[in-house]
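Colleague: whatever this is, show me its structure:
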Amino acid sequence: MTAVADMIDVLVVDDDFMVARVHRTFVARVPAFRVVGTAGTGQQAVAAVDELRPDLVLLDLYLPDVFGLDVIPRLRTAGHDCDVMVISAAREADTVRGAVRHGVVDYLLKPFDYEDLQPRLERYAAQRGRLLTAVVRDQADIDRVLSQGFVPTTGTALPKGLSVETAGLVEHALRGTPGTLSAAECAAAIGISRVSARRYLEHFHTTGNAAVSLRYGAAGRPERRYGWRD
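Modeller: Below is the predicted model:
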């Protein structure tokens with residue numbers, strides 16, 4: 001397989017082929033990511049990593065042959081250092097702690113939509129780029145690299161294109177609203193476009209500052225609503 005510069009190769013692991021197809025479509029929509037294969041069992045996942053050498057594995061936990069987390073030590077024993085992002089319906093605290101102990105880069109609960117996965121992949125790409133290009137001269141450099149690792153932050157750092165001033169307005173609107181806000185309501189409240197409001201709201205969701213709920217109407221896609229987490 002010929003590598004394309006700066007592309008991040010992804011293996012999708014899910015026992016439901018329709019779900020795997022959806023996840024594959026989501027990944028393909030994010031610039032710099034490409035899906036190089038899919039697998040439906042833990043054994044297939046290990047074999048696919050052997051053959052395809054992906055940078056990132058999107059790993060479901062409920063596989064028909066093994067529990068998904070058991071795949072990770074098998075990959076390490078085989079000498080693979082690919083990153084793993086868990087995508088699962090498993091909400092048990094022990095499972096989440098186990099995923100952290102295995103060094104996963106992120107943990108995304110099913111069901112989710114593209115807007116949930118996109119910022120996580122973009123954050124992964126940015127952090128991976130920093131780690132690959134980091135120059136380590138002393139302890140301070142090591143501390144700086146580790147502080148920019150794969151743990152979601154709730155600090156003030158904003159993605160490119162977002163401003164501190166507008167982020168403050170969005171935060172104020174969220175904090176000052178009893179209940180939740182949609183992107184359209186947030187945009188109207190502070191005088192920005194709905195698309196811009198959505199970007200800030202999704203940023204706060206990604207960093208853990210805002211919770212997202214879905215409101216279902218009579219028809220069409222559910223409306224995403226955001227509430228500040230105190």
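Colleague: how near is residue 167 to residue 112?
Modeller: 23 Å (C-beta to C-beta, to the nearest Å). C-beta: built from backbone N, CA, C; applies to glycine.
Colleague: equivalent analysis for residue 38, please.
Modeller: 18 Å.
Colleague: of those two, who's got more company?
Modeller: residue 38 (19 against 15; other C-beta atoms under 10 Å).
Colleague: residue 117: what's its closest spatial neighbour, skipping adjacent residues?
Modeller: residue 26 (5.1 Å; C-beta to C-beta, 6 or more residues apart in numbering).
Colleague: and that neighbour, which of the three is it?
Modeller: helix (DSSP: H, G, I helix; E, B strand; the rest coil).
Colleague: show me where this structure has its strands.
Modeller: 8-13, 33-39, 56-59, 83-88, 106-109, 181-182, 210-215, 223-228 (DSSP state E).
Colleague: who does the last one touch, helix- and strand-wise?
Modeller: I take that to be strand 223-228. In terms of contacts (3 or more C-beta pairs under 8 Å, 6 or more residues apart in numbering; DSSP states H and E), strand 223-228 is packed against helix 164-175, strand 181-182, helix 183-190, helix 194-206, strand 210-215.
Colleague: 7 Å instead?
Modeller: helix 164-175, strand 181-182, strand 210-215 (3 or more C-beta pairs under 7 Å, 6 or more residues apart in numbering; DSSP states H and E).
Colleague: what's stretch 173-189 in contact with?
Modeller: Applying C-beta atoms under 7 Å, 6 or more residues apart in numbering, the external contacts of stretch 173-189 come out as 170, 190, 193-194, 197-198, 201, 210, 213, 223-228.
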